[in-house]
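>>> just a sequence and a predicted model for now, questions to come.
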Amino acid sequence: MNLTVPLTSRTLDAIQCEITKEMIAVIAIHARNVIPCTPAPALSSSSPEAGPGSQQARLGSAERLPSPPATPGTGLSMVPPLDMFITNLVLRSRVQAGTLVCTLVYLQRLRNRLPKEARGMECTCHRIFLATLIVAG
């Protein structure tokens, strides 16, 4: 029994096309729509420990660090924008367009299977994209 199905010219074009900013933007939109994610809360500018003689009071405003240090999901956001994250990943790992097309399929399937009440942290969309890309690869 022959299970191979010939690929149409349209499918071949999609798999072999050049990766563009528009393609990355579409993938980022789909990755963001898999699960609602909450952004990290903004860091409060007033700190009770920042008295006149404290270490933080002596540092310039650009040098002040959160106290205690930020933990994942709180404090300063270290997560890059999803479009930039995907672009850097594509450039550094030489991902092919066919793999990104397959990633889109997996993102849609995951979105359809997750419970409606599922929520994520700020970095969840990045992790979901990366997981589906790994599976597609």
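Done, it's in.

>>> now for the closest residue to Cys17 other than its chain neighbours, how many residues are close by?
Leaving aside its sequence neighbours, Cys17 sits nearest to Ala97 (Cβ to Cβ, 6 or more residues apart in numbering; 5.0 Å). From N, CA and C alone the C-beta is placed, and that goes for glycine too. By the measure other Cβ atoms under 10 Å, the count of residues near Ala97 is 17.

>>> cool, Ile27 as well?
23.

>>> how about the contacts made by it?
Residues in contact with Ile27 (Cβ atoms under 8 Å, 6 or more residues apart in numbering) are Ile86, Leu100, Thr103, Leu104, Leu107, Phe129.

>>> closest to Val5 out of the residues you listed?
Leu104 (19.5 Å; Cβ to Cβ).

>>> wait, the closest one sits on His30?
Yes: look at Leu104 against His30 with Cβ atoms under 8 Å: they come within range, at 5.8 Å.

>>> the more surrounded of the two?
Per other Cβ under 10 Å, whichever of Leu104 and His30 has more neighbours is His30, with 21 against 17.

>>> wait, is that one part of a helix?
Yes: looking at His30 with DSSP: H, G, I helix; E, B strand; the rest coil, it is inside a helix.

>>> measure it to Arg111 for me?
Distance from His30 to Arg111, counting by Cβ to Cβ, to the nearest Å: 8 Å.

>>> just to revisit the earlier point, show the pLDDT at the residue nearest to Cys17.
Per-residue confidence (pLDDT) for Ala97: 91.

>>> let me see the contact set for it.
Counting by Cβ under 8 Å, 6+ apart, Ala97 has contacts Ala14, Ile15, Gln16, Cys17, Glu18, Ile19, Met23.
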